[in-house]
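Chemist: sequence first, then the predicted structure:
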2 protein chains.
Amino acid sequence: MSRYWSSIVHKLTPYIPGEQPKFANLIKLNTNENPYGPSPKVLEALKAEANANLRLYPEPDGDSVKEAVSRYYGVAHNQVFVGNGSDEVLAHVFLGLFKHSLPLLYPDITYSFYPVYCKLYDVEYETVPLSEFFELVLEDYRRPNGGIIFPNPNAPTGIALDPGVIEELLKFNRESVVAVDEAYVDFGAESAIRLIDTYPNLLVIQTLSKSRSLAGLRVGFAVGNRQLIEALERVKNSFNSYPLDRLAIAGAVAAMEDRSHFEKNRQMIIATREALAENLCSLGFQVLPSKANFLFVRHPFYDAEELSRALRKEGIVVRHFAQERISQFLRITVGTDAQSDALCDALCRAVIRPGSK
Amino acid sequence: MSRYWSSIVHKLTPYIPGEQPKFANLIKLNTNENPYGPSPKVLEALKAEANANLRLYPEPDGDSVKEAVSRYYGVAHNQVFVGNGSDEVLAHVFLGLFKHSLPLLYPDITYSFYPVYCKLYDVEYETVPLSEFFELVLEDYRRPNGGIIFPNPNAPTGIALDPGVIEELLKFNRESVVAVDEAYVDFGAESAIRLIDTYPNLLVIQTLSKSRSLAGLRVGFAVGNRQLIEALERVKNSFNSYPLDRLAIAGAVAAMEDRSHFEKNRQMIIATREALAENLCSLGFQVLPSKANFLFVRHPFYDAEELSRALRKEGIVVRHFAQERISQFLRITVGTDAQSDALCDALCRAVIRPGSK
C-alpha cells in the first residue's frame, strides 16, 4: 500500500500463473505447456533473425504474422490482430470491447484471468454457472449483456462445445461481442473462425503457446470482423506501438507455416491424452471428456490437494485450484507417454498404498 | 466506428510512431535507432536461447533482467521493474501511479505518447509550457498535482536537465510521483537513479532500444522505490503474466552485461553528434544543444516540412512534427559518420540550390 498508487491498484487481485519451478528434473504438468519443442524451422528462423537489424524497430503491426495467420485460416489481413501472447490480446478485448453498462457474461468455472481483467479495467460482469456436469447451458446466456466470453475447450475442464452450439448462441446474441477463447482448440475441438463472415460480433482468440509449442515466445492473435479488429488496433496503438519483437514475428511466421510439424505434434498429444484418460479411469479417477492438452480429474476417495502434494513429493507438478466446485479436481497437462507412465505409477502408489493419502 | 466498441475506443487518438519504410536503401534518421548493431554477445545469447525450451513459459517477472539491471546500477532487485519496451512500462506507470484527482503535469513539448496514455486510462493532465528556449522551468511545477513526468534528455528537443535541477524538483514535490523518462540518457545526460533511495516518489524509466541497439527486441525497465515497483507489478500481473519472451530476457541480460560494447557504442554516437551539430550550424541551421542520439534543428530561411520532403527525395528520412511551436523543426537521428555526410550533402543541395526548396 502506498499513497503514490492510483486507487485502482489497491483493488487489483493479480492473476497467479502456474508455478515455474527452477529445478529441471521435475515432471512439469501444471501449466499446459507442450512436451515437444517447436518446429525446427522456427528455431532456424529465430537464429537467422538474431542479427544486427535488432537495432531497428519491428513492424509496428506485426504484419507478417497477420499475413501468416490470414493465409492459414483463409481470412483477410484486416480480420487479424496480433499481440504479445493471447493474454495481451485478451486484455485489449476486455478494455476495447467489453466495457459497457450491461455486464459481461462468462462461466463460473473458466480461465481465472477474466475476473482480473474486469477489475483492471472496471468492467461490469456476471458469472453464469455451468451445469452440474460442467457444461455451458446456452439458455442461461439469453439475456441483455455487454459481451460474452468463454474458452472452447473450456479451461480448466477441457470440455469442448459443439460448433453448432456456438452458432446458436450467435443467432440470439447479436447486440454484443461474443469472444471465443480458443487457446486449446487445436487438440480436438473445432474453431469458430469459419463463422466470422456471418457474425460481425464474433471474435476468436488463439495462441501459439500450446499447439505450436511457443509459450516462451509470447504470440497470440484474434480473428474477427474488421471493425472488431480496429478497436483492438486502436487500444494497442494507445498502449505500445511495437508489442511483438523481431524474433517473435519471425518465429510466429515460421510456426504458422510449418503445418506438418503442427499436425504431427497435436496428433501425438491427442493420442497420449486418450491413453492417459483411460489409465486414470482404471485407477478410479473420474475424467472429464477433454478436447484440450490437459485432463481435469477427480478421485472419489482421495482429496485433490493431498494428491497434488503426494505427486509433488514424487517430482511431479500438477495444478490444483482451491476454488468452489472444483477444489476436488486436479488439472493435469498431457505430456509425453513416458511422463504419463510416471504420473500413473506415482498415482498408483498414492491412491493404493495405505497411509499415503 | 462500431456499436460493439467500448465507449473509450471512440475517444482514442493513437500514438503514431515514426515511419518504418520497407526499402532497405533509405538512410533512416527518423526513429532514433542506433546505427550500430547490438553487442555480439547479445546475438550469441539469442541464438543459444533459440532451442526446444521455447515450449516453456518464460520467467513471469523477468527476474534475470531485473538482476542484470540491479547489478548494473547497484540497486536492489525489488527496485527494478521490467516490461515489453519502455512504452509498456510507461503505460503501466500512467495507469498505476498517475490516475488521481489532481492533474498529471508534463511539458507542452515532449514525448507525444504521454497524452495518448492519458486518454487510454482517463488520466487528468495539464501541460506546462517550456520556456522560449525549450527549457523546463522548474517553478512552473510548484503546484498541486497528481504526478509529474518528463523525459531527460527531453524528446524531441534533446535538451538535458542538470541532475541538481531534478533534485530541486523532488525537494518541493513530495506528494506525488516524479517519473523521469531516460530513454536517451546514455548519450550524455546523467541518470537520476542515484536519487531513488533518497526520494521514495522518484521513478526512472529506461530502455534498451537506443543505447543498447535493441529497438527490435522490446525491453524497457523502471527503477525506483519498491512500493512504486509493486504498483507496476500489480498492474502487470493483471494484464499479462509473461510480457518478456525467453529471447528478450536472454538478450537483455547479455546487453546489460557487455559494458565495453555499450561504452564504445555511445561514445561513437556522441562524437558523430557533435560533428554533425557543427556541420549543420555551418549550413545555417539553429541546433538545440542535444544530449540525445538526435538533433532538433531549424533553418531560419527554409520551411521544415519542405526540407523534409527534399531529403526524402534524396533517400533520407527525418522526422517532422506538424505541431505548434515546433513545426519549423526537424528531428534528425544521429547515424554513422557516413550518414551524416550524406545528410549534409543533401541539405547543402536543398538549402543552397535555387528552386530546390
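Modeler: Done, it's in. Numbering: from 1, shown residues only, chains lettered A, B, ... in the order given.
Chemist: just the pLDDT for A:Pro103.
Modeler: Turning to A:Pro103, the model gives it a pLDDT of 98.
Chemist: quick one: neighbours of whatever residue of the stretch 201-350 of chain A ends up closest to chain B, just the number.
Modeler: Proximity of the stretch 201-350 of chain A to chain B (C-beta to the nearest C-beta) peaks at A:Asn237, 3.3 Å away. Quick note: C-beta positions are derived from backbone N, CA and C, even for glycine. By other C-beta atoms under 10 Å in any protein chain shown, 21 other residues sit near A:Asn237.
Chemist: mind listing what the residue nearest to it when sequence neighbours are not counted touches?
Modeler: Once flanking residues are discounted, A:Asn237 sits nearest to B:Pro14: 3.3 Å by C-beta to C-beta, 6 or more residues apart in numbering or on different chains. B:Pro14 is in contact with A:Glu233, A:Arg234, A:Asn237, A:Ser238, B:Val116, counting by C-beta atoms under 8 Å, 6 or more residues apart in numbering or on different chains.
Chemist: most surrounded residue in the residues you listed?
Modeler: A:Ser238 (27 neighbours).
Chemist: any idea how far it is from B:Arg218?
Modeler: 17 Å (C-beta to C-beta, to the nearest Å).
Chemist: what's the answer for A:Ile196, then?
Modeler: In terms of C-beta to C-beta, A:Ile196 sits 29 Å off from B:Arg218.
Chemist: more neighbours: which of the two?
Modeler: B:Arg218 (33 against 22).
Chemist: find me the pLDDT at the residue of the stretch 201-350 of chain A closest to chain B, would you?
Modeler: Note on A:Asn237: pLDDT of 97.
Chemist: torsion angles phi and psi at it?
Modeler: Taking degrees, to the nearest 10, you get phi -80, psi -10 for the backbone angles of A:Asn237.
Chemist: how about the contacts made by it?
Modeler: Contacts of A:Asn237 by C-beta under 8 Å, 6+ apart are A:Pro60, B:Leu12, B:Pro14, B:Tyr15, B:Ile16.
Chemist: for the second one, which residues are in contact?
Modeler: Spelled out, it's B:Leu12. So B:Leu12 contacts A:Arg234, A:Val235, A:Asn237, A:Ser238, B:Val116, B:Lys119, B:Leu120 (C-beta under 8 Å, 6+ apart).
Chemist: with the fourth one instead?
Modeler: When the contact criterion is C-beta under 8 Å, 6+ apart, the partners of B:Tyr15 are A:Asn237, A:Ser238, A:Ser241, B:Ser112, B:Phe113, B:Val116.
Chemist: any idea of the pLDDT on it?
Modeler: With respect to pLDDT, B:Tyr15 has a value of 83.
Chemist: the stretch 1-150 of chain A: helices as residue ranges?
Modeler: A:7-11, A:40-49, A:63-73, A:86-97, A:114-121 (DSSP state H, counting those that start in this stretch).
Chemist: ok, the closest residue in space to A:Pro144 that isn't next to it in sequence to A:Leu136 distance?
Modeler: Using C-beta to C-beta, 6+ apart and skipping residues adjacent in sequence, the residue nearest A:Pro144 is A:Leu102, 5.3 Å away. For A:Leu102, the distance to A:Leu136 equals 19 Å [C-beta to C-beta].
Chemist: follow-up on the earlier one: looking at the contacts of A:Asn237, which one is closest to B:Glu88?
Modeler: The closest of the contacts of A:Asn237 to B:Glu88 turns out to be B:Tyr15 (C-beta to C-beta; 12.6 Å).
Chemist: for the closest one, give its distance to A:Leu161.
Modeler: From B:Tyr15 over to A:Leu161 (counting by C-beta to C-beta), the distance is 38 Å.
Chemist: cool, A:Tyr73 as well?
Modeler: 19 Å.
Chemist: next one: A:Thr13
Modeler: Distance from A:Thr13 to A:Leu161, by C-beta to C-beta: 28 Å.
Chemist: tell me which parts of the stretch 51-200 of chain A are close to chain B?
Modeler: A:51-60, A:84-85, A:87-88, A:91, A:95-100, A:116-117, A:119-120, A:175-177, A:200 (C-beta under 8 Å from any C-beta of the partner chain).
Chemist: mind redoing it with 6 Å?
Modeler: A:52, A:54-58, A:60, A:84, A:87-88, A:91, A:96, A:99, A:116, A:120, A:177 (C-beta under 6 Å from any C-beta of the partner chain).
Chemist: pretty sure A:Ala179 is in a strand, no?
Modeler: Yes - under DSSP: H, G, I helix; E, B strand; the rest coil, A:Ala179 sits within a strand.
Chemist: show me the beta-bridge partners of it.
Modeler: Here A:Ala179 sits in beta bridges with A:Ile149, A:Leu203, going by DSSP bridges.
Chemist: tell me the contacts of it?
Modeler: Residues near A:Ala179 by C-beta atoms under 6 Å, 6 or more residues apart in numbering or on different chains: A:Val93, A:Ile149, A:Leu203.
Chemist: B:Phe187: which of the residues you listed is nearest?
Modeler: Distances from B:Phe187 to those, taken by C-beta to C-beta, are shortest for A:Val93, at 38.8 Å.
Chemist: please identify the buried residues of stretch A:142-151?
Modeler: A:Asn145, A:Gly146, A:Gly147, A:Ile148, A:Ile149, A:Phe150, A:Pro151 (16 or more other C-beta atoms under 10 Å in any protein chain shown).
Chemist: farthest-separated two in those?
Modeler: Farthest pair in the buried residues of stretch A:142-151, by C-beta to C-beta: A:Gly146 and A:Pro151, 18.7 Å.
Chemist: identify the residue spatially nearest to A:Arg3, adjacent ones excluded.
Modeler: Counting by C-beta to C-beta, 6+ apart, the residue nearest A:Arg3 is B:Glu175, at 7.8 Å.
Chemist: no, scratch that, I was asking about A:Ala183
Modeler: Going by C-beta to C-beta, 6+ apart, A:Ala183 has A:Thr207 as its nearest residue, at 5.0 Å.
Chemist: per-residue pLDDT of that neighbour, please?
Modeler: pLDDT, A:Thr207: 98.
Chemist: that one: what's it in contact with?
Modeler: A:Ser86, A:Ala183, A:Gly220.
Chemist: beta-bridge partners for the last one, please?
Modeler: When you say that, I think you mean A:Gly220. A:Gly83, A:Thr207.
Chemist: ok, it - contacts?
Modeler: A:Gly83, A:Gly85, A:Ser86, A:Val89, A:Thr207 are the contacts of A:Gly220 under C-beta under 6 Å, 6+ apart.
Chemist: if we go to 10 Å?
Modeler: A:81-90, A:181, A:183, A:205-209, A:244, A:252, B:240 (C-beta atoms under 10 Å, 6 or more residues apart in numbering or on different chains).
Chemist: where does pLDDT dip in the stretch 251-357 of chain A?
Modeler: By pLDDT under 70, the low-scoring segments of the stretch 251-357 of chain A are A:352-357.
Chemist: quick revisit: the more surrounded of A:Leu102 and A:Leu136?
Modeler: Comparing A:Leu102 with A:Leu136 by other C-beta under 10 Å, the one with more neighbours is A:Leu136, at 23 against 15.
Chemist: from chain B, how far off is the more buried one?
Modeler: As judged by C-beta to the nearest C-beta, to the nearest Å, A:Leu136 and chain B stand 22 Å apart.
Chemist: quick one: that residue and A:Val180 touch, right?
Modeler: No - taking contacts as C-beta atoms under 10 Å, A:Leu136 lies outside contact range of A:Val180: 11.2 Å.
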